[in-house]
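A structural model of the following input is requested.
(4 chains)
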There are 2 protein chains.
Amino acid sequence: MARPKAYDGTAMLDRAMEVFWARGFDGTSIQNLVGKTGVNRGSLYGAYPDKRALFLASIRRYLELVVEDNVRRLLAVEPAGDAVRQFFLQLVEAPPERLRRGCLLTNSAVELGMEDAQVAALIRGAFRRVEQVFCARLVEAKRVGQLTDGVQPEALARLLITVLQGIRVMSRVGADRVAMRDAVKSALSGIKTAATHAYASGRGAARHSGHSKSGRTRRARAKQVVPVR
Amino acid sequence: MARPKAYDGTAMLDRAMEVFWARGFDGTSIQNLVGKTGVNRGSLYGAYPDKRALFLASIRRYLELVVEDNVRRLLAVEPAGDAVRQFFLQLVEAPPERLRRGCLLTNSAVELGMEDAQVAALIRGAFRRVEQVFCARLVEAKRVGQLTDGVQPEALARLLITVLQGIRVMSRVGADRVAMRDAVKSALSGIKTAATHAYASGRGAARHSGHSKSGRTRRARAKQVVPVR
DNA sequence: TTCATTATAGAATAACCGTTCCAAAATGCA
DNA sequence: TGCATTTTGGAACGGTTATTCTATAATGAA
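Numbers count the residues shown, from 1 in each chain, chains lettered A, B, ... in the order given. Below you'll find the predicted structure:
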């Protein structure tokens, strides 16, 4: 019936998201978007009413792709305390250009949070989501004795989402990696590693010997973890 | 010899700094600056070669006024641990509009950190400065027994500067104050209050009874603080 | 008072912004 | 093979941007 689209809507959105991620909302011109997506001006305005709508869609796409991937990684590791620790270690050890790019949510929070209520609400929701995943895993960690006495999962989760944002800011100006490692170390000081703990309690002779074939071993041991004192 | 200036250079810079603080670099037009400072276009360009130079000067002014004031407040309180704690409590309990405005350094780090090396270096330096003040006070706190065993002053200082940035981001999107309080509580969990400690060790009957007239009392008691266990 | 010098106010400039518009191209159905 | 319909590429538009330029005003020294 009609002429078919020459572009893929999802691919276009992904590219747009990357441009906004790298250059910010104000820093991205329609020309930039046309160039990076390969999609024409008219087609862009055919798909979205204006620049802001495309930006909002980009943020939502970011939530689907990046944030949910982070959530998955947080949920994939056992025991729970190690999942949280590993998450932050990977963050801090990421390649420099990855760190410099920062996070679309952090960048947008700072750039538009004060003037665009809808953007602010979207980002606030994402922060809460991650905080709750942190919290869930920390509750679990507490249950298996991976939290130092007196550490409250919710309060620590709220520290962690804050530290995550702080690292995004620091790495934007090329902060020292060693300093960020220290920050993470302090933030995670209330979380015991399963390995260390098993070692400390003299139970794990072959602790952390690479990949355990069964997959049950790690989990099973995690459930055995008990507070030291 | 020549016509005298009709404006005060320092006052002009202060106003410019406030505009950049509130609206960011890209978000601030020369027109905005002319309006808010009351100084004419030509005079602006007479004082600074271009917008970026005025922005750099604004950041340096911010360091003098705001950052150094924070440093002073961190150094003014005794004992050291309480200074750090009070600093973060005041931060989190600030009025909403003050929180929303955020920090010029945080905002600029995110907006320009990736593309302007000079801005990035300036901000990195400021972060380091505050980190070192944190560290100095934490070393002091450790000396008087205000740090939980095993807490390393430097590592904790690096957490604190990161948390400070994180809170700046969170508050930009209007994050829940309760959540920020929790984050701070967790971040400060390794620092004991002198009051609590004195109380716990049964030494402080008249602890914190308003203003002590001598000024020596608080300081003297602070030096008596000793680890609990 | 007259002159040299600088500040001032605002017009002018050229580039770029987001958005709109339009003619040409490309398709599936009749 | 036409026709209806939609995409496409790019020109056009009005507004804003940072910066430059110019004519005028204001001053202290001579």
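
can you tell me which residue is nearest the centre of chain A?
The residue lying closest to the centre of chain A (Cα atoms, centre = their mean) is A:Asn70, at 4.5 Å.

Just read off the phi/psi values of that residue.
Main-chain dihedrals, A:Asn70, degrees, to the nearest 10: phi -60, psi -40.

and if you look at the one 3 residues further on?
As for A:Arg73, its main-chain torsions (degrees, to the nearest 10) stand at phi -70, psi -40.

What about it, how many residues nearby?
Here the count is done by other Cβ atoms under 10 Å in any protein chain shown, and A:Arg73 has 13 residues near it. Placement of C-beta: from N, CA and C, glycine included.

Tell me how far it lies from DNA strand C.
Going from A:Arg73 to DNA strand C by Cβ to the nearest atom of the strand, to the nearest Å gives 34 Å.

Now the closest residue in space to that residue that isn't next to it in sequence: which helix or strand?
Excluding its sequence neighbours, the residue lying closest to A:Arg73 (Cβ to Cβ, 6 or more residues apart in numbering or on different chains) is A:Phe87, at 6.3 Å. Assigned by DSSP states H and E, A:Phe87 belongs to helix A:80-92.

same question for that helix, mean pLDDT?
When pLDDT is averaged along helix A:80-92, the result is 97.

How about stretch A:95-108?
According to the model, stretch A:95-108 has a mean pLDDT of 97.

So which bits of it are buried?
Buried residues in stretch A:95-108, counting neighbours by 16 or more other Cβ atoms under 10 Å in any protein chain shown, are found at A:Leu99, A:Arg100, A:Arg101, A:Gly102, A:Cys103, A:Leu104, A:Leu105, A:Thr106, A:Asn107, A:Ser108.

residues in contact with the fourth one?
To tie it back to what came earlier, the one meant is A:Gly102. Contacts for A:Gly102 were tallied using Cβ atoms under 8 Å, 6 or more residues apart in numbering or on different chains; they are A:Arg168, A:Val169, A:Ser171, A:Arg172, B:Val110, B:Met114.

Go ahead and confirm the third one touches A:Pro95.
The one in question is A:Ser171. No - A:Ser171 sits out of contact with A:Pro95 when judged by Cβ atoms under 8 Å, with a separation of 11.1 Å.

now the residue nearest to A:Arg73: how far from DNA strand D?
To DNA strand D, A:Phe87 is 40 Å away according to Cβ to the nearest atom of the strand.

now do A:Met17
Distance check for A:Met17 against DNA strand D: by Cβ to the nearest atom of the strand, it reads 19 Å.

For A:Glu154, which non-adjacent residue is spatially closest?
The spatial neighbour of A:Glu154 that comes closest, neighbours along the chain excluded (Cβ to Cβ, 6+ apart), is A:Cys135 at 5.4 Å.

Check which helix or strand that neighbour maps to.
Under the assignment given by DSSP H and E, the secondary-structure element containing A:Cys135 is helix A:117-143.

Using CSV, list the CA coordinates for the helix or strand just after the helix holding A:Phe87.
Next along the chain after helix A:80-92, taking DSSP H and E as the criterion, comes helix A:96-101. Backbone C-alpha positions of helix A:96-101 (Å, rounded to 0.1, in the frame of the first residue of the first chain) are rendered in CSV as follows:
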residue,chain,number,x,y,z
PRO,A,96,38.4,4.3,31.3
GLU,A,97,36.3,5.3,28.3
ARG,A,98,33.4,3.3,29.7
LEU,A,99,33.8,5.1,33.1
ARG,A,100,34.1,8.5,31.4
ARG,A,101,30.8,8.0,29.6
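
which residues does A:Arg61 contact?
Taking Cβ under 8 Å, 6+ apart as the criterion, A:Arg61 is in contact with A:Leu13, A:Asp14, A:Met17.

Mind checking which of those residues are buried?
When these are checked for burial by 16+ other Cβ under 10 Å, the buried set is A:Leu13, A:Met17.

Quick one: the contacts of A:Arg61 as TSV, columns for pLDDT and secondary structure too.
Formatted as TSV, the contacts of A:Arg61 follow (pLDDT from 0 to 100; DSSP: H, G, I helix; E, B strand; the rest coil):
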residue	pLDDT	secondary structure
A:Leu13	94	helix
A:Asp14	94	helix
A:Met17	96	helix
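
and of the contacts of A:Arg61, the nearest to chain B?
A:Met17 (16.7 Å; Cβ to the nearest Cβ).

Was I right to think the closest one contacts A:Phe55?
No - proximity of A:Met17 to A:Phe55 does not meet the contact threshold set by Cβ under 8 Å, at 9.1 Å.

What is the burial count for the closest residue to the residue nearest to the centre of chain A other than its chain neighbours?
Across the structure, with Cβ to Cβ, 6+ apart as the measure, the residue nearest A:Asn70 apart from its sequence neighbours is A:Val130 (6.9 Å). One way to gauge burial is a neighbour count; for A:Val130, by other Cβ under 10 Å, it gives 20.

Give the full set of residues in contact with A:Val130.
A:Val67, A:Asn70, A:Val71, A:Ile161, A:Leu164 are the contacts of A:Val130 under Cβ under 8 Å, 6+ apart.

In this structure the second one contacts A:Phe88, no?
Right, the one you point to is A:Asn70. No - using Cβ under 8 Å, A:Asn70 is not in contact with A:Phe88, being 11.1 Å away.

Quick one: residues contacting A:Ala121.
Remark: with contacts taken as Cβ under 8 Å, 6+ apart, A:Ala121 is in contact with B:Val173.

Dump the buried residues of stretch A:95-108 into a markdown table; add distance to B:Asp26 as well.
Shown next, in a markdown table, are these (distance: Cβ to Cβ, whole Å):
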| residue | distance to B:Asp26 |
| --- | --- |
| A:Leu99 | 23 |
| A:Arg100 | 19 |
| A:Arg101 | 18 |
| A:Gly102 | 17 |
| A:Cys103 | 19 |
| A:Leu104 | 17 |
| A:Leu105 | 19 |
| A:Thr106 | 17 |
| A:Asn107 | 13 |
| A:Ser108 | 14 |
